[in-house]
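1. Provided below for reference: sequence and predicted model.
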Amino acid sequence: MFQPSIFREERIAVLQEMIRMNPFASLVSMQEGEIIADHLPMVIHPELSERGILRGHVARGNPIGKKLDDTIPVLVMFQGPHHYITPSWYPSKEEHDKVVPTWNYVVVHARGKITLHHDENWILSHLNELTNRNESGRKEPWKIADAPDDFIARQLRGIIGIEVEITALQGTWKVSQNKNREDNQGVVKGLRMESSEVASTMAGCVAEHFDKPGSR
C-alpha cells in the first residue's frame, strides 16, 4: 500500500498489538487466476515466528479449500479506527481557507505463505484459543467444552483451518501528523465533541502520534 513516511509504522510489537486488538481480517488470496477476499477473525501468535503467525478458519465449503494458489503469498488486512476529518476543525481555516477534508485511519497489512489445515485436533486447538481470547473478561465465559461433544465433532468436520506465517508487515497510522500543533489539537477537540466511541478512539490516536519522530 502507499505509505508516506510520516504515516508509516514499522515497530513489529505495535503492529502485532493492533492486530490483536482488531482481529477481524480481510484475507486476499489468488484462486484459479482470480483475486478473492474472505472475511474472518484471525488470531495472532507473535511467539511462533519473527513477525508472528496468523491462524483462522473458514467453512469447508469455501472454494479456498480447492482453488487456492498457494504459490502466491496472501495478503491479510486489519482495519483499526478510522474517522472523517472536517476542515472546520482546523484553526488555520480562519487564517487562509487552504484546507480540505480528509479521512484518518489505522491499518495493518500482513503478507505471507498460507497453509490449510484439515486435522481436527489442530482446528480444535485454534478454536479454543480464539474462543478463550474473545470470552476473556466476561462474567461467565463460554468455552467449547460447554457444548456437547458430538455437536462439536460435527462442527469440526465442516471447518478448514488457515495458517499464515507472516513474512512482511506494513502499518499506516494516518492520524493528522502532517498538521501543525494548532490544527492537530483542533482535530482532537473536534473528535471528542462527536461523542462516539470510534471518534474518541481516533482522538486518542491523534493526540498520541503528534509527537512521534518525523511529525511536525
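-> Great, that's in hand.
2. Would you map the helices across this protein?
-> With DSSP state H as the criterion, the chain has helices at 12-21, 64-67, 93-96, 120-135, 149-157, 181-192, 197-209.
3. L27 is nearest to which of those helices?
-> helix 64-67 (8.3 Å; CB to CB). Using the backbone N, CA and C atoms, a C-beta is placed for each residue, glycine as well.
4. From the contact counts, what lies against the closest one?
-> Using 3 or more CB pairs under 8 Å, 6 or more residues apart in numbering; DSSP states H and E, the elements in contact with helix 64-67 are strand 24-31, strand 34-41, strand 159-174.
5. Let me know the pLDDT of D211.
-> pLDDT, D211: 60.
6. For this structure, give me the ranges with low pLDDT.
-> For the chain, the stretches with pLDDT under 70 are 211-216.
7. so who does E10 touch?
-> G171 (CB atoms under 8 Å, 6 or more residues apart in numbering).
8. any idea how far A203 is from it?
-> 24 Å (CB to CB, to the nearest Å).
9. Please apply the same query to R51.
-> On the measure of CB to CB, R51 and A203 end up 30 Å apart.
10. And Q16, by the same measure?
-> Taking CB to CB, one finds Q16 at 24 Å from A203.
11. quick one, which of the helices of the chain is nearest to S29?
-> It is, among those and with distance given as CB to CB, helix 64-67, at 6.3 Å.
12. And the residue nearest to the spatial centre of the chain, how far from E10?
-> Most central in the chain under CA atoms, centre = their mean is F78, positioned 2.1 Å from the mean C-alpha point. Per CB to CB, F78 is found 16 Å from E10.
13. what do you get for I64?
-> Relative to E10, and taking CB to CB, I64 is found at 30 Å.
14. Likewise for H45?
-> Distance of H45 to E10, given as CB to CB: 20 Å.
15. How about A207?
-> A207 is 21 Å from E10, where distance means CB to CB.
16. cool, and S88?
-> Taking CB to CB, one finds S88 at 33 Å from E10.
17. Repeat that for I53.
-> Counting by CB to CB - I53 and E10 are separated by 19 Å.
18. now swap in I159 and tell me
-> From I159 to E10 the distance is 35 Å (CB to CB).
19. likewise E47?
-> 20 Å.
20. Neighbour count: R51 and A203, which is higher?
-> Comparing R51 with A203 by neighbour count (other CB atoms under 10 Å), the higher total belongs to A203, at 22 against 19.
21. Tell me if I'm right that the more buried one and R192 touch.
-> Yes - under the criterion of CB atoms under 8 Å, A203 makes contact with R192 at 5.0 Å.
22. Mutual contacts of those two, please.
-> By CB under 8 Å, 6+ apart, no residue touches both A203 and R192.
23. now what about stretch 126-137, what contacts it?
-> 23, 41, 43, 55-57, 117, 141-144, 156, 159, 161.
24. Please check the residues you listed and keep the buried ones.
-> Among the contacts of stretch 126-137, those classed as buried by 16 or more other CB atoms under 10 Å are 23, 43, 55-57, 117, 144, 156, 159, 161.
25. how about these, which pair is most distant?
-> Taking CB to CB, the two most distant members of the buried ones among the contacts of stretch 126-137 are P23 and L156; they sit 20.8 Å apart.
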